[in-house]
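**Student:** kindly return the folded structure for what I paste below:
(chains A and B)
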2 protein chains.
Amino acid sequence: MSDSAESLQASWSAWKTQVEAALAKSLSEENGLGGECPQRLREAMAYSLLAGGKRLRPVLVLMACEACGGDSEAALPAACALEMIHTYSLIHDDLPAMDDDDYRRGRLTNHKVFGEAMAILAGDALLTLAFEVVARDVRPAAVAAACCADLAFAAGGCGMVGGQVADLEAESQSSRDKDSLTHLQSIHRRKTGRLIRSALTLGGRIAQADVATLGTLDHYGTCIGLAFQIADDVLDVTGTQDKLGKGVGKDAGHGKLTYPGLIDLERSRQMARDLIDEACLAIAPWGERGRRLEALAHFVLERDH
Amino acid sequence: MSDSAESLQASWSAWKTQVEAALAKSLSEENGLGGECPQRLREAMAYSLLAGGKRLRPVLVLMACEACGGDSEAALPAACALEMIHTYSLIHDDLPAMDDDDYRRGRLTNHKVFGEAMAILAGDALLTLAFEVVARDVRPAAVAAACCADLAFAAGGCGMVGGQVADLEAESQSSRDKDSLTHLQSIHRRKTGRLIRSALTLGGRIAQADVATLGTLDHYGTCIGLAFQIADDVLDVTGTQDKLGKGVGKDAGHGKLTYPGLIDLERSRQMARDLIDEACLAIAPWGERGRRLEALAHFVLERDH
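**Tutor:** Alright, predicted model coming up:
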């Protein structure tokens, strides 16, 4: 393992611990969600939000903030918000009316445990809490407002939700219509890409980075977001159920558009490598302070789950 | 009709027109939601958001802003946000997994027209857009952040979503457990009350009202919010399907907790009257600038749909 990979792993692990403590606190009666939240709703939110995982998005927020010379502690509320929005999207995507999944990260999905109505509402409450946390806890208030606007754009009809709609629409179209890499990229740019980009730019905003720096973060985020999705599709074909915590080949089986399905496995891997190179090139002028982001870009490529 | 009732009606009608134009614009490609939103998603959002209705919540925002000496035009983004959140909650509440309603305001519900998956996503996108509009368009940014925080608290696990969970839980409990006015009030305080209160305080915030004034608006909002809900329950018993646009007695039939079901029709009406008196008393010291809010409180009591 290279020095930078080791250093990435150490800081990732420390940040993950910090994020998970902050997420747990955000649901608490006293310092978080508040006392008037029904117990069962709080449990349903916690079930999915505190279910572990890599915490890629919140770690990206902290990493971007630090790379821009900011205090990563100050970026914790935004980091939590990203994870809340990611989690809500998983809960809603798993619903019977959507992807109809029974398992997620090796555990029963939210609606299998709490029922459909509660799963819908737990997702709604997590999305809402994300904005509350950013609006209330990010300082100064002008940065909080800019972060809320970024986050909403990334998560909304032109971003994550729009991408999910396009994905569902692609599934129901004939295979001829689907035969388009451009279309697949336009889905992923919105469905997973925008939120990952916003993780980077939120970190930058909290460090009060200038517009050029935010642009660099956005470029880096665009590349690793797309590479992450390609790697996901590749893992769906090559991974093991044990590591993925979900059925292998499930996406392809659902008739979903995937990279290996369109351009074969080797070309998919090459495309991901090219994107990672582009991401690293974007932050190359940052030198030492970009090392962790560089290591993270390589991790996206090499991860096996 | 009294002078103040006539004046209320005239300004309500003008504000409603303004709000509806702003709502339509908020979904547009150029000045609103943006061009990357899938067409079908935009249609599903518009179907419910532009379906008419009294627009009580946005009008309350404008009215509160004006009563505090602010420019009601500046409050339009917050007014739209309130209506988006109200609309998303109706779309999700109507889903088969929740109240399973086929009609709303006399038209097919969103999922009956667009399917369940799209209805869930249209709701998600409207909730998200609400925060985008406030964060991006309310000025100054510090007020935008405070408005986002208020709105999220009102709409989230301790507010509207929490109230909906408590409502669903009450339905599934035995009738003995349900026999509690306190419990019913705690449901409505969250399910409908908090959002109405936040309509008032957002209007005040945008007018840069002081803390005491925001407190008065909050008190007024608490009273009319609860009175509004009682009036709703009374109408469910006494109204006509034609005016309500939904099945009469549907709530009682579903085993929902209602005021007339707990304390009979006449005591329900008296309770609503008392609350309206309390609301008017709260703003009485405002004299002339509180006249419209006073007239609105009486409208809540006297409306027939």
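**Student:** low-scoring stretches of the stretch 151-300 of chain A, by residue?
**Tutor:** Counting by pLDDT under 70, the stretch 151-300 of chain A contains low-confidence residues at A:174-179, A:240-255.
**Student:** show me the helices in it, by range?
**Tutor:** A:160-172, A:175-178, A:181-188, A:194-206, A:211-238, A:241-244, A:250-253, A:259-263, A:265-283, A:291-302 (DSSP state H, counting those that start in this stretch).
**Student:** can you redo those helices as TSV with distance to chain B?
**Tutor:** Any C-beta I mention is one placed from the backbone N, CA and C, and that applies to glycine too. Below are these laid out as TSV (distance: least, C-beta to the nearest C-beta, whole Å):
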stretch	distance to chain B
helix A:160-172	4
helix A:175-178	14
helix A:181-188	8
helix A:194-206	9
helix A:211-238	14
helix A:241-244	24
helix A:250-253	17
helix A:259-263	20
helix A:265-283	20
helix A:291-302	24
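**Student:** closest one to residue B:235 among these?
**Tutor:** Closest to residue B:235 of these is helix A:160-172 (C-beta to C-beta; 34.0 Å).
**Student:** elements contacting the closest one?
**Tutor:** helix A:76-94, helix A:181-188, helix A:194-206, helix B:39-49, helix B:116-137 (3 or more C-beta pairs under 8 Å, 6 or more residues apart in numbering or on different chains; DSSP states H and E).
**Student:** give the buried residues for that helix.
**Tutor:** Residues A:160-170 are the ones in helix A:160-172 that count as buried (16 or more other C-beta atoms under 10 Å in any protein chain shown).
**Student:** helix B:116-137 and that helix, what's the angle between them?
**Tutor:** 150 degrees (axes from the mean of the first three to the mean of the last three C-alpha atoms, to 10 degrees).
**Student:** from the chain's centre, how far out does helix A:160-172 sit?
**Tutor:** 17 Å (C-alpha atoms, centre = their mean, to the nearest Å).
**Student:** quick one: contacts of that helix?
**Tutor:** A:85, A:89, A:93, A:98, A:154-156, A:177-178, A:183-184, A:186-195, A:254-257, B:36-38, B:40-41, B:117-118, B:121, B:124-125, B:128 (C-beta atoms under 8 Å, 6 or more residues apart in numbering or on different chains).
**Student:** likewise for stretch A:21-29?
**Tutor:** The contact list for stretch A:21-29, computed with C-beta under 8 Å, 6+ apart, reads A:31-33, A:35, A:37, A:42, A:45-46, A:49-50, A:76-77, A:79-80, A:83-84, A:129, A:133.
**Student:** give me the subset of these touching chain B.
**Tutor:** A:33, A:35, A:37, A:42, A:45, A:129 (C-beta under 8 Å from any C-beta of the partner chain).
**Student:** for the nearest residue to residue A:4 once chain neighbours are set aside, what are its contacts?
**Tutor:** Excluding the flanking residues, the one nearest residue A:4 by C-beta to C-beta, 6 or more residues apart in numbering or on different chains is residue A:295, at 4.2 Å. Neighbouring residues of residue A:295 by C-beta under 8 Å, 6+ apart: A:2, A:4-5, A:7-8.
**Student:** rewinding a little: which one of the helices of the stretch 151-300 of chain A has the most crowded surroundings?
**Tutor:** Using mean count of other C-beta atoms under 10 Å in any protein chain shown, the stretch among these with the largest mean neighbour count is helix A:194-206, at a mean of 28.
**Student:** my guess is residue A:99 contacts residue A:92. True?
**Tutor:** No - under the criterion of C-beta atoms under 8 Å, residue A:99 makes no contact with residue A:92, lying 9.5 Å away.
**Student:** how many other residues sit next to residue A:115?
**Tutor:** Other residues near residue A:115 number 15, with proximity taken as other C-beta atoms under 10 Å in any protein chain shown.
**Student:** what of residue A:17?
**Tutor:** 11.
**Student:** same question for residue A:128.
**Tutor:** Neighbours of residue A:128 under the rule other C-beta under 10 Å: 28.
**Student:** isn't it right up against residue B:127?
**Tutor:** Yes - with contact defined as C-beta under 8 Å, residue A:128 reaches residue B:127; the gap is 6.8 Å.
**Student:** identify the contacts common to these two.
**Tutor:** Taking C-beta under 8 Å, 6+ apart as the criterion, residue A:128 and residue B:127 both touch residue B:155.
**Student:** rewinding a little: can you redo the helices of the stretch 151-300 of chain A as TSV with distance to residue B:145?
**Tutor:** Formatted as TSV, the helices of the stretch 151-300 of chain A follow (distance: least, C-beta to C-beta, whole Å):
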stretch	distance to residue B:145
helix A:160-172	22
helix A:175-178	42
helix A:181-188	31
helix A:194-206	13
helix A:211-238	19
helix A:241-244	39
helix A:250-253	39
helix A:259-263	39
helix A:265-283	30
helix A:291-302	28
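**Student:** so which strand or helix has the residue nearest the centre of chain A?
**Tutor:** When C-alpha atoms, centre = their mean is applied to chain A, the residue found nearest the centroid is residue A:57 (4.6 Å). Element membership of residue A:57 [criterion: DSSP states H and E] is helix A:56-67.
**Student:** in stretch A:73-92, what's buried?
**Tutor:** Under the neighbour-count criterion of 16+ other C-beta under 10 Å, stretch A:73-92 has A:74-92 buried.
**Student:** now that stretch: how far from the chain's centre is it?
**Tutor:** 8 Å.
**Student:** do the same with stretch A:158-178
**Tutor:** The chain centre lies 19 Å from the centre of stretch A:158-178; the measure is C-alpha atoms, centre = their mean.
**Student:** stretch A:198-206 now?
**Tutor:** Using C-alpha atoms, centre = their mean, the offset of stretch A:198-206 from its chain centre is 13 Å.
**Student:** do the same with stretch A:21-39
**Tutor:** Centroid separation for stretch A:21-39 versus its chain: 22 Å, with C-alpha atoms, centre = their mean.
**Student:** how long is it end to end?
**Tutor:** End-to-end distance of stretch A:21-39 (C-alpha to C-alpha, to the nearest Å): 20 Å.
**Student:** for residue A:299, give its distance to residue A:63.
**Tutor:** Plainly put, residue A:299 is 11 Å away from residue A:63 if you go by C-beta to C-beta, to the nearest Å.
**Student:** show me which residues of stretch A:111-126 are buried.
**Tutor:** Of all the residues in stretch A:111-126, those buried under the rule 16+ other C-beta under 10 Å are A:111-112, A:114, A:116-126.
**Student:** what mean pLDDT does stretch A:106-114 have?
**Tutor:** Here stretch A:106-114 scores 97 as its mean pLDDT.
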